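Visitor: The following block contains a protein sequence and its predicted model.
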Amino acid sequence: MGAVKIPATDDIGPSLRSTVLVAGSPLAAEVIRGHGLTVIEVSTVQEAMAALWADPIITAVISARSLPGGGGERLAAMATAALGRKIDVVVMPSAGSAHEDPSGTLASLLPRMSMTRQPPPSTELDSLFECLAVAAEHKDNETGQHNRRLGRYAGLLARTIGWSHQRCRIIELAASLHDIGKIGIPDSILFKPSPLTIEERAQMEHHTIAGHQILSAATSPVLACAANIARHHHERWSGGGYPFGLHGAAIPLEARIVSLCDVYDALRSERPYKAGLSHQDAARVLLEGDERTSPDHFDPHVLAAFRQIQKKFDDTFTLLTGE
Ligand SMILES: [Fe+2]
Ligand SMILES: [Fe+2]
């Protein structure tokens, strides 16, 4: 059982690309920025070392040879030691001379740095989300992979309907906590092999409200999104879902997205009482319906997005199934 890690997606925004430390060379900094990379600019060896210690996602160092505090060669020697890992270090022949680089090292390095994709830096909030997700996994070990997949599916759909990279990242994190409210459901109900009584069903459905309460204990954009998802992911576009029987646009969009993802994954998953469906069969249920599920349970725009990128759902299920 491990912490929930949302896999890096193909669509990484500029802020998540390589960060390059540029020491004593404003022109090199300008050239590198021009390639869409993030630049931290410093002017002494001491400032450079402070930046290296403070920022673990620096992937390359470009330094002028003559740099106050010991020079570029000294910085190059210290940088690798400071980070404890190998990074690209280029010492320019003279300050401010990106175009005077005789070896062409900078020119050859830039394309490689531009392609380097870093995982998002783990913020404190990301870490807290991981802790909560692991807490949910302790309650029900089966949910671990389900939660990972849901985050990925939700990000795929959000991207397809045109959300920004930042909003997609938010829903990826938030979707993984959709069932956090189940930590309050007694095991005798959560794992009951036979049909639930009316009272037990009501208790089970309360996981939506409980999840919203848990995630509303503090405020942030990710928590607000997660709280909405927790409360409304069992609502249906056509009405008749729970906890409130909302319908249409009254249901928050993030919950409409996760609702479809949750049903798809439930259809694909094996349970003690049922086999998992193939992708083709699960997609057919969503798009055409069966005795339990109808296409009008889902936001038509979200369903259209699913139709468009359904192969990626299948790929995600295959990739993120099994430990
Ligand atoms: Fe749920
Ligand atoms: Fe779920």
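Guide: Here it is on my side, so go on. Ligands and ions are numbered 1, 2, ... in the order given.
Visitor: any idea how far the residue nearest to Ala50 when sequence neighbours are not counted lies from ligand 2?
Guide: Using C-beta to C-beta, 6 or more residues apart in numbering and skipping residues adjacent in sequence, the residue nearest Ala50 is Val42, 7.9 Å away. All C-beta atoms are positioned from the backbone trio N, CA, C, and that covers glycine. In this view, Val42 and ligand 2 are 47 Å apart by C-beta to the ion, to the nearest Å.
Visitor: Gly69 now?
Guide: For Gly69, the distance to ligand 2 - C-beta to the ion - is 55 Å.
Visitor: How about Thr197?
Guide: Taking C-beta to the ion, one finds Thr197 at 22 Å from ligand 2.
Visitor: For burial, what's the neighbour tally of that residue?
Guide: Thr197 is flanked by 11 other residues according to other C-beta atoms under 10 Å.
Visitor: Can you report how many residues neighbour Tyr264?
Guide: Neighbours around Tyr264, by other C-beta under 10 Å: 26.
Visitor: so what's it up against?
Guide: Tyr153, Ala282, Ala283, Leu286, Phe306, Phe313 (C-beta atoms under 8 Å, 6 or more residues apart in numbering).
Visitor: among these, who's most crowded?
Guide: Ranking those using other C-beta under 10 Å puts Tyr153 first, with 27 neighbours.
Visitor: show me what contacts that one?
Guide: Ala175, Cys261, Tyr264, Asp265, Phe313, Thr316.
Visitor: same thing but at 6 Å, please
Guide: Cys261, Phe313 (C-beta atoms under 6 Å, 6 or more residues apart in numbering).
Visitor: how about it, secondary structure?
Guide: helix (DSSP: H, G, I helix; E, B strand; the rest coil).
Visitor: element containing whichever residue of the chain sits closest to ligand 2?
Guide: Proximity of the chain to ligand 2 (C-beta to the ion) peaks at Asp262, 4.4 Å away. According to DSSP states H and E, Asp262 maps onto helix 253-268.
Visitor: So which elements touch the next helix-or-strand element following that helix?
Guide: Using DSSP H and E, the helix or strand that follows helix 253-268 towards the C-terminus is helix 279-288. In this structure, helix 279-288 packs against helix 253-268, with contacts taken as 3 or more C-beta pairs under 6 Å, 6 or more residues apart in numbering; DSSP states H and E.
Visitor: How about the helix it packs on, which residues are buried there?
Guide: 253-265, 267-268 (16 or more other C-beta atoms under 10 Å).
Visitor: could you give the mean pLDDT of that helix?
Guide: What helix 253-268 shows for mean pLDDT is 97.
Visitor: mind showing which ranges of the stretch 51-200 of the chain have poor pLDDT?
Guide: 53-57, 80-86, 94-125, 140-142 (pLDDT under 70).
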